[in-house]
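**Student:** Predicted model follows, preceded by the sequence.
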Amino acid sequence: MISESARATSAHEARFRINDANSGRRTVKVMALDVRSETLVKRLAQDQWDDASFFIASAFIPLPPASARFSMGNWLTDVAGRSKNLVDEVSTADLVVMLAGGGEDVLNASVIGEACSLRGVTTMGLVLASPSSPDEALSRTLGQLRPWTLMLVIASAEDYVADMLRALRA
């Protein structure tokens, strides 16, 4: 009996093989949603990346009421502190990664999530949790991110975040 490995590499099966790369290059935008993740984003931005940009949601303040006029013009800043337009940044992204500290309030994820939804951009949430993070606090953060992300990951260490970004080919 022929093994599965031998069968998969046979000339007969080779006709089904796709010889192109698994996927193309991605433009990834990493956005810190709170003070804890801001520190990590600034540290990550110093590493070498293929096509990743790092931002801070400068709106750690509460969102304006629904009746108020709201501008995306200076809602984000890059790690150098320059204002960036959220819609412009999302428009040039293939993937937006929202980074949050476990137990933090990240209601601002809804603004980023809506911008991504309107532009059809894939979103991911990475939550930094420590063993001492209370479950209810972590659940609150996850609940605020869940409606706005297609994939939600809990990271137990900052190194895991960098590894995940590399796996996503940022």
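**Tutor:** Alright, I've got the coordinates.

**Student:** now the residue positioned nearest the centre of the chain: how far from residue 85?
**Tutor:** Against the mean C-alpha coordinate of the chain, by C-alpha atoms, centre = their mean, the closest residue is residue 97 at 0.9 Å. Applying C-beta to C-beta, to the nearest Å, the value for residue 97 to residue 85 is 18 Å. For every residue, glycine as well, the C-beta is placed using N, CA and C.

**Student:** How about residue 149?
**Tutor:** Going from residue 149 to residue 85 by C-beta to C-beta gives 22 Å.

**Student:** neighbour count winner among these two?
**Tutor:** A count of neighbours by other C-beta atoms under 10 Å puts residue 149 above the other of residue 149 and residue 85, at 22 against 15.

**Student:** Find the nearest non-adjacent residue to the more buried one, please.
**Tutor:** Of all residues not flanking residue 149 in the chain, residue 125 sits nearest, at 3.9 Å (C-beta to C-beta, 6 or more residues apart in numbering).

**Student:** which ones are touching the one you found?
**Tutor:** The contact partners of residue 125, by C-beta atoms under 8 Å, 6 or more residues apart in numbering, come to 97-100, 109, 145-146, 148-149, 151-153.

**Student:** Confirm that residue 105 sits in a helix.
**Tutor:** No - counting by DSSP: H, G, I helix; E, B strand; the rest coil, one finds residue 105 to be coil, located in no helix.

**Student:** tell me which element the residue lying closest to it once chain neighbours are set aside falls in.
**Tutor:** Spatially, and ignoring its direct neighbours in sequence, residue 105 is nearest to residue 144 (7.0 Å; C-beta to C-beta, 6+ apart). Using DSSP states H and E, residue 144 sits within helix 135-145.

**Student:** ok, then the element right after that helix?
**Tutor:** By DSSP H and E, the next helix or strand past helix 135-145 is strand 151-155.
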